[in-house]
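**Student:** just a sequence and a predicted model for now, questions to come.
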Amino acid sequence: MTPQYVAAIDQGTTSSRCIVFDHAGEIVAVAQREHRQIFPRPGWVEHDAEEIWDNVQQVVSEALRAAGTDAAGLAAIGITNQRETTVVWDRSTGRPVANAIVWQDTRTGPLLRDLASAYGEERFRARTGLPLATYFAGPKLRWLLDEVDGLRERAERGEVLFGTMDSWLIWKLTGEHVTDVTNASRTMLMDLTTLDWAPDLLDAMGVPAAMLPEIRCSAEVYGHATGVLAGVPVASALGDQQAALFGQTCFQPGEAKCTYGTGSFLLLNTGATPVPSTHGLLTTVAYRIKDQPPAYALEGAIAVTGSLVQWLRDNLGLISSAAEVEELARTVDDNGGCYVVPAFSGLFAPHWRSDARGVIAGLTGYITKGHLARAALEASAWQTREVVDAMDSDSDVALRRLRVDGGMTANGLLMQFLADVLDVPVVRSRITETTCLGAAYAAGLAVGFWPDLATLRAQWRSDAQWESTMTPELRDRELGQWRKAVQRTLDWVE
């Protein structure tokens, strides 16, 4: 039979999904399973990579069944993933040597201070586009090599393999040990210009080259799957935020998107040249299609947005489901003077302060749970505003509109407030699952299911748009209050 579909595996921070798309880029079937969040100590966040692999196999089977097809109906499958989460596994047994260290984890803070003292932060930033921050994969790998007995010796002998979640899944599916340029660009080990592992950075980080995957393009056939996907080309890998940029068809310099999930990530396509940031943003690879030149992006990474709503639900019990936060927030007309800055793992862009911790500022006896819910939603918008201001300072193109996607975009109150604080139109993609769509698009391009980028761009549609209704005076006053609240988070961790 002629394959009718392309599928994408989205291995995210809280769950794994498989979505099947048809030739028009429409969703045919979805399956999703959550996995455990493991918190061994304050600031530590881990995942069980074996549990995630089991869940991936289950959601693939469920999605194919729901689509009424099997492996023969797929032209290709793509992978998108939580990017910096770090896995090391045994080459012969395929078993992880320890839990995966999640991108939110802050345990590498002391190591980063040592690296900054020994080499200087600019050495890493100039080559990788990244600051020395706990966010990235290379320091997490170094921590494992230092702390797991005998692991460094095994790594030097090539007995264990390193990867981010894309590499882990590709290896489990095909037996190939590869990663793509977008994920490699998040390790602090890849040179942004050569798109290869940098020997001097490996030496500085203390990482043996023998355990690293081969760096490949974002859209090419890495191998053919076994198991339930037997014979299907595994044909793309994109870090989740780059995949969303691709799914939003932001193929031209100056086009930007923001994805609202566990965290939120704003990416601006800067074209074929990496643009260094002087305002706290990341310079990263946006994508690379087969043998074409790479596209680069500026990125503003916000650690906590959707997970703040989960915190209101799971830790405080203010709501019983994430969807209820909008209803609760609408019980009040404003935040009552209350501001929530969710620096649970420090502040990411544009501050990069690992010493920060979350605060609720402006509490008075007037504040109700409705005000807290509203302040939590507003925090996502204010953090976005900080990133947009930095992006406007770094790039030649001012933001004229923002394409948005992800689960939180279903919240109309948040989307309106976002348009208010940015003072630009906010446009939601008709298909909000653009992370999966981007991985599917890249895989389909690799095997000829879709012929070119122009075809993909022609398929993009919006389903809602919000315009600013806030007065400049109110916007400026509230921004000033937010900045005061942010200052209260600093210097908490010694």
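**Tutor:** Received, thanks.
**Student:** stretch 116-123: how far from the chain's middle?
**Tutor:** 26 Å (Cα atoms, centre = their mean, to the nearest Å).
**Student:** may I see the buried residues of it?
**Tutor:** Judged by neighbour count using 16 or more other Cβ atoms under 10 Å, the buried positions of stretch 116-123 are E121, R123. Just so you know, the C-beta spots here come from the backbone N, C-alpha and C atoms, and that holds for glycine as well.
**Student:** in which helix or strand would I find V388?
**Tutor:** For V388, the host element (DSSP states H and E) is helix 369-394.
**Student:** which other helices and strands does the next helix-or-strand element following that helix contact?
**Tutor:** Downstream of helix 369-394, the first helix or strand assigned by DSSP H and E is strand 402-405. Packing partners of strand 402-405 (3 or more Cβ pairs under 8 Å, 6 or more residues apart in numbering; DSSP states H and E): strand 256-260, helix 412-422, strand 426-429.
**Student:** tell me the most buried of the ones you listed?
**Tutor:** strand 256-260 (a mean of 27; mean count of other Cβ atoms under 10 Å).
**Student:** that one versus helix 369-394: what angle between them?
**Tutor:** Here strand 256-260 runs at an angle of 150 degrees relative to helix 369-394 (axes from the mean of the first three to the mean of the last three Cα atoms, to 10 degrees).
**Student:** just checking, what packs against the helix holding V388?
**Tutor:** Contacts defined by 3+ Cβ pairs under 8 Å, 6+ apart place helix 369-394 against strand 256-260, strand 264-271, strand 295-302, helix 306-314, helix 324-329, strand 339-341, helix 412-422, helix 472-487.
**Student:** give the rounded mean pLDDT of that helix.
**Tutor:** The average pLDDT within helix 369-394 is 94.
**Student:** please apply the same query to stretch 103-120.
**Tutor:** Stretch 103-120 carries an average pLDDT of 91.
**Student:** quick check, distance from it to the centre of its chain.
**Tutor:** Distance, centroid of stretch 103-120 to centroid of chain: 21 Å (Cα atoms, centre = their mean).
**Student:** how about stretch 245-258?
**Tutor:** Centroid separation between stretch 245-258 and its chain, computed with Cα atoms, centre = their mean, is 15 Å.
**Student:** please report how far S354 lies from V28.
**Tutor:** Distance, S354 to V28, by Cβ to Cβ, to the nearest Å: 42 Å.
**Student:** between the two, tell me which one has more neighbours.
**Tutor:** It is S354, of S354 and V28, that has more neighbours when counted by other Cβ atoms under 10 Å, with 22 against 19.
**Student:** for the more buried one, which non-adjacent residue is spatially closest?
**Tutor:** Take S354 and drop its neighbours on the chain: the residue closest to it by Cβ to Cβ, 6 or more residues apart in numbering is G346, 4.0 Å away.
**Student:** tell me which residues in stretch 450-468 are buried?
**Tutor:** Result for stretch 450-468 [16+ other Cβ under 10 Å]: buried residues W450, L453, L456, Q459, W460, W466, S468.
**Student:** which one of these is nearest to V341?
**Tutor:** For these, the minimum distance to V341 (Cβ to Cβ) is 22.8 Å, reached by S468.
**Student:** which strand or helix spans the residue located most distally from the centre of the chain?
**Tutor:** Going by Cα atoms, centre = their mean, the residue of the chain most distant from its centre is G365, 37.6 Å out. Using DSSP H and E, G365 is not contained in any helix or strand.
**Student:** poorly predicted segments of the protein, please.
**Tutor:** Applying pLDDT under 70 to the chain flags the ranges 1, 397.
**Student:** didn't D355 look like it was pressed against V493?
**Tutor:** Yes. The criterion here is Cβ atoms under 8 Å, and D355 meets it with V493 at 4.5 Å.
**Student:** now do the shared contacts for these two.
**Tutor:** Shared contacts of D355 and V493 (Cβ atoms under 8 Å, 6 or more residues apart in numbering): G346.
**Student:** so which of the helices and strands packed on strand 402-405 comes closest to F246?
**Tutor:** Nearest of the helices and strands packed on strand 402-405 (Cβ to Cβ): strand 256-260, 9.5 Å.
**Student:** only C-alpha atoms, please: export the closest one in CSV.
**Tutor:** Taking C-alpha atoms only, strand 256-260 is exported to CSV below (Å, rounded to 0.1, in the frame of the first residue of the first chain):
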residue,chain,number,x,y,z
ALA,A,256,9.0,34.1,15.5
LYS,A,257,6.9,31.7,17.6
CYS,A,258,6.4,31.0,21.3
THR,A,259,5.3,27.6,22.6
TYR,A,260,3.5,27.5,25.9
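**Student:** against which helices or strands is that strand packed?
**Tutor:** Using 3+ Cβ pairs under 8 Å, 6+ apart, the elements in contact with strand 256-260 are helix 240-247, strand 264-271, helix 369-394, strand 402-405, helix 434-447.
**Student:** any chance of the ones you listed in TSV, with mean neighbour count too?
**Tutor:** Converted to TSV, the helices and strands packed on strand 256-260 look like this (neighbours: other Cβ atoms under 10 Å):
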stretch	mean neighbour count
helix 240-247	32
strand 264-271	25
helix 369-394	23
strand 402-405	25
helix 434-447	30
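**Student:** using a markdown table, lay out the ones you listed together with distance to T86.
**Tutor:** Supplementary listing: the helices and strands packed on strand 256-260 in a markdown table, determined by distance: least, Cβ to Cβ, whole Å:
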| stretch | distance to T86 |
| --- | --- |
| helix 240-247 | 15 |
| strand 264-271 | 18 |
| helix 369-394 | 25 |
| strand 402-405 | 26 |
| helix 434-447 | 20 |
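**Student:** which stretch among these comes nearest R428?
**Tutor:** When the helices and strands packed on strand 256-260 are compared by Cβ to Cβ, strand 402-405 sits nearest R428, at 5.4 Å.
**Student:** surely A356 and T489 touch.
**Tutor:** Yes. Counting by Cβ under 8 Å, A356 touches T489, with 4.1 Å between them.
**Student:** any residues in contact with both of those two?
**Tutor:** What both A356 and T489 touch, as defined by Cβ under 8 Å, 6+ apart, is the set A343, L347.
**Student:** so what's the nearest residue to A67 once chain neighbours are set aside bridging to?
**Tutor:** Closest residue to A67 in three dimensions, ignoring its sequence neighbours and counting by Cβ to Cβ, 6+ apart: A29, at 3.8 Å. Counting by DSSP bridges, A29 forms beta bridges with V20.
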